[in-house]
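J.: Dropping the sequence and predicted coords here.
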Amino acid sequence: MIELRGLTKSFGANTVLNGIDLDVKRGESLVVIGGSGTGKSVLLKCILGLIDPDSGTIRIDSQDVTRIPRQALLSRFGMLFQGGALFDSLPVWQNVAFRQLKGRMPRAIAKAHAIETLARVGLPARTADLYPAELSGGMQKRAALARAIAAQPEVIFFDEPTAGLDPIMAGVINDLIREAVTDLGATAITITHDMTTVRTVADRITLLHGGLLRWVGAVADLDQSGDAYVDQFIHGRSQGPITALR
Ligand SMILES: Nc1ncnc2c1ncn2[C@@H]1O[C@H](COP(=O)(O)OP(=O)(O)OP(=O)(O)O)[C@@H](O)[C@H]1O
């Protein structure tokens, strides 16, 4: 469904993506791992059309994304940003129903739908009228997840979905993401450093390093990847081919 060929992107002398080839099938959940600053966010932003690659192609359902009008493209995507990124000035339900309200859905219907979506991620109806600042970090993440899935997107991007959460809440969010992706039949691309997220959410995993996807494989093959970069990452070793600043 998503097809990347020869994708490159440099910022000045810094070549971040150096010929990325990748296929993500419809309904598949792909997790992108890799050290800090390797270009995971840049890769996601290229697919979303937020950064123009220097060369290469991005196709969605065989259609070149540069030929799809911006709004039409974005309407097919849901996104859970790092940190949640809810609008502080809007109550929770308007955050969740943001797209539907913009699309002129009647407010009462949009609100009822938002409350239903909040229930799917374990938030009670009374949270609908609260403001994001009145929610705990974990509840904000659930609300952001509700917003990402509310419009039933075909593709959902999750950028560090468990960042800043305690391990138990992280586990809840991972389970909710897996459920939401399975229920919607959505295609998902997740960036994470959290190995629990990798193992809960992924059908397939890819490791980005040195501008290339060094390894792509099924979650069941992760522990026998035979790749020193993958091994270092999944075991969190400071020593290995991925150099870490101390
Ligand atoms: N708009 C930009 N202008 C210049 N350089 C950029 C820009 N966006 C990203 N970069 C550079 O691209 C590289 C990759 O950044 P990116 O944010 O994609 O890393 P990442 O793998 O997502 O890292 P992390 O896991 O730490 O979030 C970094 O060297 C960064 O400085």
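T.: Perfect, I can see it now.
J.: Tell me the helix or strand right after the helix or strand bottoming out on mean pLDDT in the chain.
T.: Lowest on mean pLDDT, DSSP states H and E among the helices and strands of the chain sits helix 70-74, with a mean of 84. Going down the chain from helix 70-74, the next helix or strand is strand 77-80, by DSSP states H and E.
J.: Show me what that next one is in contact with.
T.: Applying CB atoms under 8 Å, 6 or more residues apart in numbering, the set of residues contacting strand 77-80 from outside is 48, 144-145, 147-151, 153-159, 161, 177, 186. For the C-beta atoms, the positions are set from N, CA and C on the backbone; glycine is no exception.
J.: and the helix or strand just after that strand, how far from the chain's centre?
T.: Sequence order places helix 92-96 as the next helix or strand after strand 77-80, per DSSP H and E. Centre-to-centre, helix 92-96 and its host chain are 20 Å apart (CA atoms, centre = their mean, to the nearest Å).
J.: go on, stretch 17-33?
T.: Its chain's C-alpha centre and that of stretch 17-33 lie 12 Å apart, by CA atoms, centre = their mean.
J.: Can you point out the buried residues in that stretch?
T.: Using 16 or more other CB atoms under 10 Å as the test for burial, stretch 17-33 gives 17, 20, 22, 24, 28, 29, 30, 31, 32, 33.
J.: Ends of that stretch, what's the gap?
T.: End-to-end distance for stretch 17-33: 14 Å, by CA to CA, to the nearest Å.
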